[in-house]
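> What follows is a predicted structure for the sequence shown.
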Amino acid sequence: MHDFCFTIPYGLVLVAGGIIGYAKKGSVASLGGGLGTGLVLILAGYLSLKAFEKRKNSYLALILETVCAAVLTWVMGQRYFQTSKIMPAGIVAVIREVDALMTGFYLYKIATGGNHIPPKAE
């Protein structure tokens, strides 16, 4: 599986979450965090997709994806441990687990040399 297959939808979900957080609670932090990290992830996914189309790997994209997912894992973990409420802490806990899975996936992609480029068909 290629990283951009997960990264672009992941970024779109973060953008949507930031907009929903702002619309429901007026949270500028949610808007900034969701839009900021979501757009960076969409950009990284796009860079990875374009590199793949050229039959190359984009290590810049993999590093951006890994850093964003790791930071989100840490931030969401901090938010979860600071509150004892079921909501929104429960949602934050789920998001944290997704972020941790994405961080692991990106680290795996880095460790295995990026996206597998199939040989050119003759």
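On my side now, so go ahead.
> For the one helix or strand I63 maps to, what is the distance to the chain centroid?
According to DSSP states H and E, I63 maps onto helix 59-82. Averaging C-alpha positions (CA atoms, centre = their mean, to the nearest Å) puts helix 59-82 8 Å from its chain's average.
> Over to stretch 108-122?
From the chain centre to the centre of stretch 108-122 is a distance of 20 Å (CA atoms, centre = their mean).
> Looking at it now, give me its mean pLDDT.
Average pLDDT, stretch 108-122: 82.
> going forward, begin numbering at 39 instead of 1
Sure, I'll start numbering at 39, so the last one becomes stretch 146-160.
> Name the residues of it that are buried.
For stretch 146-160, the neighbour count (16 or more other CB atoms under 10 Å) marks 147-148, 152-153 as buried. The C-beta positions use only the backbone N, C-alpha and C, and glycine is treated the same way.
> Spit out the contact partners of the residue nearest to K94 when sequence neighbours are not counted.
Excluding the flanking residues, the one nearest K94 by CB to CB, 6 or more residues apart in numbering is I155, at 7.3 Å. Going by CB atoms under 8 Å, 6 or more residues apart in numbering, I155 touches 90, 93-95.
> now with 10 Å?
Contact analysis of I155 by CB atoms under 10 Å, 6 or more residues apart in numbering lists 40, 89-90, 92-95.
> any chance of those in TSV, with secondary structure too?
TSV is the format used below for these (DSSP: H, G, I helix; E, B strand; the rest coil):
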residue	secondary structure
H40	coil
A89	helix
F90	helix
K92	coil
R93	coil
K94	coil
N95	coil
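> and which of those residues is nearest to M140?
Proximity to M140 was ranked across the contacts of I155 by CB to CB; first place goes to H40, at 13.7 Å.
> Phi, psi for that closest one please.
Main-chain torsions, H40, degrees, to the nearest 10: phi -90, psi 150.
> Count the residues that sit near the closest residue to H154 other than its chain neighbours.
Residue nearest to H154 in three dimensions, not counting chain neighbours: H40, with 7.8 Å by CB to CB, 6+ apart. Counted with other CB atoms under 10 Å, residues neighbouring H40 total 16.
> pretty sure H40 contacts L87?
Yes: under the criterion of CB atoms under 10 Å, H40 makes contact with L87 at 8.0 Å.
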